[in-house]
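Trainee: Provided below are the primary sequence and the corresponding predicted coordinates.
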Amino acid sequence: MPFRVKSNRLQVGVLTSFYRLERGILRIMTEGERTIQVSREGIVRDATVAWRFDRTSWIVEIVSAGFGTAQARADDAFEALCLIREELEPFGWRIGVAGAQADVWPSGMARDQGGGQRAYRMTTEQVGDLVDTFEPVDPETVTTVALQRAESDRLYEAIRRSARVG
């Protein structure tokens, strides 16, 4: 059930990335589009990433003159992004979004409640701030899905060990 509000000045902290005010009703954002950069062999190109929720699943689409259109459907937007990355990575493509950086991974709650549109930046000591999965970043700062999964597993284990000791 949507929240009814009387003002455009509603402050909801973290939720501002997921919700928009529409005719006095707070609604979850189920679509978006951003201009990003992609790279291959050191050559950077502009691209567009778009995401949307379509009844039962999330669809992510990336369009670039370098590789055309890549699209995937999954239970959340982060997973759909990972599927596209896994399709393009064998050809050397890197997608310049925060959700492709080695120290970024969503929690189950971020996936279930936010559709994977946000993920956590982690360190060996703690799970840090939420970042927008599709926030543009330099494509030279991203990694492969396999290396990102391995790094997130390593960081989560380090956090668990740190919590047991502390």
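Mentor: Perfect, I can see it now. Numbering: from 1, shown residues only.
Trainee: so where do the strands sit in this structure?
Mentor: 3-4, 19-22, 25-28, 31-40, 43-54, 57-64, 68-74, 94-95, 104-105, 118-122, 127-132 (DSSP state E).
Trainee: tell me the angle the longest one makes with strand 68-74.
Mentor: What it means is strand 43-54. 40 degrees (axes from the mean of the first three to the mean of the last three Cα atoms, to 10 degrees).
Trainee: which helices and strands does strand 43-54 pack with?
Mentor: strand 31-40, strand 57-64, helix 77-88 (3 or more Cβ pairs under 8 Å, 6 or more residues apart in numbering; DSSP states H and E). (Each C-beta comes from the backbone N, C-alpha and C, glycine too.)
Trainee: Now the first one: average pLDDT?
Mentor: Read that as strand 31-40. Mean per-residue pLDDT for strand 31-40: 97.
Trainee: mind listing what that strand pairs with, with the direction of each?
Mentor: Strand pairing for strand 31-40, using DSSP bridges, gives strand 43-54 (antiparallel), strand 94-95 (antiparallel).
Trainee: Packed most tightly, which of the ones you listed would that be?
Mentor: strand 94-95 (a mean of 23; mean count of other Cβ atoms under 10 Å).
Trainee: Can you verify my assumption that Asp138 contacts Gly96?
Mentor: Yes - look at Asp138 against Gly96 with Cβ atoms under 8 Å: they come within range, at 6.0 Å.
Trainee: Now do the shared contacts for these two.
Mentor: Gln37 (Cβ atoms under 8 Å, 6 or more residues apart in numbering).
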